[in-house]
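Novice: Provided below for reference: sequence and predicted model.
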Amino acid sequence: MPERLQNNKRFGYDKKLRTYYEIKVNNLVRYYKTISAACLWIVIFVITTFPTAYSFDDTDSGLDLSPTHLLNYLSYNYKGFDMRIADISVGEMFDDNITYDKKNKREDFVTLAGIGLGVKYEGKMRRLELLGNVSHRAYAKNSDFDNTTEDLTLSFENEFSRHDRVSLNNVFVHSTEPLFNRFDFFDEQFARRGGQFEYFRNKFDIDYTRDVTRQLTIIARYGNYVDIFSGADAQDSFLNKAGFEADYLFSSTTTFSFSYDFANREFENNKDASIQTIAAGIRQYITQKLYFDLRPGIDLIDSFDDENLVRPIVLASLAYKKDADTIALLSFEKRYNTNPYNDDIFNIRWKTTASVTRQLLERLQCSLSIFYGDGEFISSDFTNKFLGAKSNLNYDITKILKGNFTYTYSESDSNVDTAGYTKNTVFFGLSAEF
């Protein structure tokens, strides 16, 4: 046989061999991912369901090495600062559109495993809490989508006196997609471009509140938001905003307010836009458990194209709180805003949310939320309609072990044929909260 044919045959054989071993290695990786997730499920279940199992209780030394107490030993208190493991979680999710795409949809099973760490301090005049979470997502069929997300939340409150106080909040998120367990899951998808891409986001807010009289309260506030994108065709942006608000308690059931806010967003290409918002509002209690908020006003807009606009805004909400176990909320928003994905003003023509949370049983809590948004970018005429729904069940298996079932539905529609998507996710998980 000629040497050329021998080489071709050898090359074909080697190619088949490489393919064979790649399949074997990929299957082995998936196997170890499945085994690791199963082991973590078992560890959480044993630790929380059988807190005294495999304990070594030395009555002479007072040392208890049961799994639950062992985790307690990992917490540390230093001068009032309580440092501890907040939670350990693991779950499995089915996602029928991991690409957020209309035509190139991919479905997959995703294994999630995470840990939360916390620091807490409470004094007479101040309170501080720091909570960080790290979660890894492993995709069964699309391992190139594997990623690790992190978030860090800092909240601080300080009372200078009975009439003066300050509150500070900072939220940092690193992820590749909107997270279903966060409150802004649907807001993130509304006006967001499709696909998964890495981003870093930091939101800093500080408020100073002073009670001038028993009826009049003044609030001064400042915020700084940073959005950085990696691996996506999007520019980084920075948002600075400042404002003040005056609240007047007219009666035990009625509060009037007036507010002024200034916000400026600047992108990497030095294009920027600013919006001044002037609004007046009222909060009216209909009963002790039911109240509504209404806040009309105007937006004075200096757009990215240096166009000056004056537009109305309407913010309204209706809230019902029967007790700590039953809460319902309905809200409506119509306004103009900037967003970190496009250097264009986004006209929120209609955005409404409805949510209800109910404690069905002593150990079972359920919640349901629905989101609908209709918006348009004023320069590009790009429109987006978004519909979202989320249902959630939480069950307290033990004092520490919690079970969670979550279903989400997302539907994005646009006047551009290639944009938009539909997406369903089903999640079941366990978490041990300490």
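Specialist: Sure thing, it's come through. Residues are numbered from 1 along each chain as shown.

Novice: per-residue pLDDT, the nearest residue to Tyr407 once chain neighbours are set aside?
Specialist: Spatial nearest neighbour of Tyr407, chain neighbours left out: Ser391 (5.0 Å); criterion: CB to CB, 6 or more residues apart in numbering. C-beta here means a position set from N, CA and C on the backbone, and glycine is covered the same way. In this model, Ser391 is scored at 97, pLDDT.

Novice: swap in Ala316?
Specialist: The model's pLDDT for Ala316 equals 98.

Novice: quick check: it vs Lys334, distance?
Specialist: In this view, Ala316 and Lys334 are 9 Å apart by CB to CB, to the nearest Å.

Novice: quick revisit: what sits up against the helix or strand hosting the residue nearest to Tyr407?
Specialist: Ser391 is part of strand 383-396, with elements assigned from DSSP states H and E. Residues outside strand 383-396 that contact it (CB atoms under 8 Å, 6 or more residues apart in numbering) are 180, 185-186, 189-191, 363-377, 402-415, 419-420.

Novice: quick one, which of those residues are buried?
Specialist: Buried residues within these, counting neighbours by 16 or more other CB atoms under 10 Å: 180, 185-186, 189-191, 365-366, 369-377, 402-404, 406-408, 410-414, 419-420.

Novice: returning to what we had before: show me the strands paired with the strand holding Ser391, marking each as parallel or antiparallel.
Specialist: Applying DSSP bridges, strand 383-396 is found paired with strand 364-377 (antiparallel), strand 401-414 (antiparallel).

Novice: domain map for the chain?
Specialist: For the chain, automatic domain parsing gives the domain ranges 1-66, 74-433.

Novice: mind jotting down where the strands sit in the stretch 201-350 of the chain?
Specialist: In the stretch 201-350 of the chain, strands defined by DSSP state E, counting those that start in this stretch lie at 216-230, 237-249, 254-267, 272-285, 290-302, 308-323, 326-339, 342-359, listed in chain order.

Novice: okay, now the unreliable bits of the stretch 1-150 of the chain?
Specialist: 1-74 (pLDDT under 70).

Novice: show me where it has strands.
Specialist: With strands called from DSSP E, counting those that start in this stretch, the stretch 1-150 of the chain shows them at 57-58, 63-64, 76-78, 81-95, 108-122, 126-139, 147-159.

Novice: turn those into CSV, including mean neighbour count.
Specialist: Conversion of the strands of the stretch 1-150 of the chain to CSV gives the following (neighbours: other CB atoms under 10 Å):
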stretch, mean neighbour count
strand 57-58, 10
strand 63-64, 14
strand 76-78, 10
strand 81-95, 18
strand 108-122, 18
strand 126-139, 17
strand 147-159, 16
